[in-house]
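In: I'll drop the sequence and a predicted model, then ask my questions.
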Amino acid sequence: MTRILIGRNLPARVVEAARGLFDVTYRDRPEPLDREEMLVALRDYDGALVTLGDAFGGDVFAEAGAPRARILANFGVGYNHIDVAAARAAGLVVTNTPGAVTDATADLAMTLMLMTCRRAGEGERLVRSGRWQGWHPVQMLGLHLSGKRVGILGMGRIGQAIARRCHFGFGMSVAYASRTEKTLDFPAERLASPEALAAAADVLVVAVPASPETYHMVDAGVLASLRPHAHLVNIARGDIVDEAALIAALQSHAFAGAGLDVYEHEPLVPEALRALDNVTLLPHLGTAALEVREDMGRMAVENLRAFFAGEAVPNPV
Ligand code: NAP
């Protein structure tokens with residue numbers, strides 16, 4: 001029977017579904033696979049269900065030699081932790097779970113937009129501290145979102161879902177930067193560069209995948225283009241934003257605030273960032289809802305099933 005490693009703790013229904021199809025070894029733990037575990041996954045299993053933090057770099061495939069494994073089914077749409085070219089060269093197919101994550105991640109972007117613009121994290125800390133002295137007309141004034149302009153960096157599935165929420169829900173105008181022009185059922189202006197987008201946006205939202213091309217795409221220059229009242233939200237991956245430059249910009253109040261779900265050296269969040277009041281920090285909650293994680297798991301298992309049934313995998317990367 002086909003041997004599959006499930007490399008991380010998952011919702012019970014996903015594990016049951018996999019057990020119905022394969023001889024499953026279930027590693028019911030929250031931390032990523034270490035190097036030895038990744039090598040075992042490649043050498044001793046026919047396939048593995050892996051996820052964020054499992055750092056399958058080129059060196060791991062090189063050390064594994066000619067692996068037994070023929071597929072890595074990634075749980076998640078982002079697969080920047082896997083060197084896909086090296087996986088292919090070693091004879092493996094890599095799949096992901098696009099679509100299942102879109103609405104939940106877009107909702108989380110809206111959460112962060114509202115939290116940073118309306119200073120909700122700061123306000124919550126104030127109430128919990130016992131130092132709140134009561135409502136007054138100019139207490140903790142933030143940025144009113146309705147009617148403002150969102151700038152979407154990366155107008156893909158999640159970027160478009162965020163834009164729709166902004167346009168239809170908040171009456172916001174939409175600008176974006178993407179490699180290609182998009183046909184949309186709502187008005188949106190495509191701008192030429194991340195700098196131009198930052199300069200035009202009241203809220204700049206990062207929604208590009210992590211890749212060598214997008215590494216530090218939001219650098220000091222892009223951050224300097226944000227206007228003083230503007231906010232930055234990152235729901236994509238931490239290393240798309242130059243975190244040191246972001247900390248410096250927030251320390252000098254170069255723009256109004258930021259809302260982050262992801263970090264450059266996750267799960268490390270620098271003390272300098274944690275010390276700032278003008279940033280909202282969430283622990284990578286983008287898809288953190290049971291039904292969403294079950295959908296993601298079902299997609300990953302379906303990719304495994306299709307592969308071993310000799311069918312085309314639904315979600316190759
Ligand atoms: P997607 O549909 O592939 O969209 C990505 C968009 O980024 C596309 O519009 C693409 O442009 C654009 N893009 C890619 N490379 C670019 C570049 N070098 N310059 C400019 N634009 C570029 O992906 P998605 O499903 O929306 O997911 C986006 C990312 O969100 C994932 O890769 C993942 O890292 C992250 N994510 C985070 C969470 C979380 O928990 N916080 C959850 C889910 C996903 P074109 O369309 O023109 O090619």
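Out: Nice, I can see it.
In: wait, isn't L204 in contact with V233?
Out: Yes. Using Cβ atoms under 8 Å, L204 is in contact with V233, at 7.2 Å. (C-beta placed from N, C-alpha, C; glycine too.)
In: May I have the phi/psi pair for A177?
Out: The phi and psi values for A177, taken as degrees, to the nearest 10, are phi -130, psi 130.
In: what's the closest non-adjacent residue to it?
Out: L197 (4.6 Å; Cβ to Cβ, 6 or more residues apart in numbering).
In: Give the intersection of the neighbour lists for L204 and V233.
Out: Both L204 and V233 lack any common contact, where contact means Cβ atoms under 8 Å, 6 or more residues apart in numbering.
In: picking up where we left off before, compute the number of surrounding residues for the residue nearest to A177.
Out: 27 (other Cβ atoms under 10 Å).
In: For it, which residues are in contact?
Out: L197 is in contact with 151-153, 175-177, 191, 204, counting by Cβ under 8 Å, 6+ apart.
In: out of those residues, who's nearest the ligand?
Out: Among the contacts of L197, A177 lies closest to the ligand (Cβ to the nearest ligand atom), at 6.1 Å.
In: who does that closest one bridge with?
Out: On the basis of DSSP bridges, A177 is bridged to L153.
In: Taking the centroid of this protein, which residue is nearest it?
Out: When the chain is reduced to its mean C-alpha position, the nearest residue by Cα atoms, centre = their mean turns out to be A236, at 3.4 Å.
In: Provide the secondary structure category for G151.
Out: What DSSP: H, G, I helix; E, B strand; the rest coil gives for G151 is strand.
In: Wait, G121 touches L276, no?
Out: No. If you go by Cβ under 8 Å, G121 and L276 don't touch, sitting 10.5 Å apart.
In: roughly how far apart are the residue nearest to the centre of the chain and L276?
Out: Counting by Cβ to Cβ, to the nearest Å, the gap from A236 to L276 is 21 Å.
In: How about L304?
Out: Counting by Cβ to Cβ, the gap from L304 to L276 is 43 Å.
In: more crowded one of the two?
Out: L304 (26 against 18).
In: secondary structure class for that one?
Out: Going by three-state DSSP: L304 is helix.
In: isn't it right up against L21?
Out: Yes. Applying Cβ under 8 Å, one finds L304 in contact with L21, separated by 7.3 Å.
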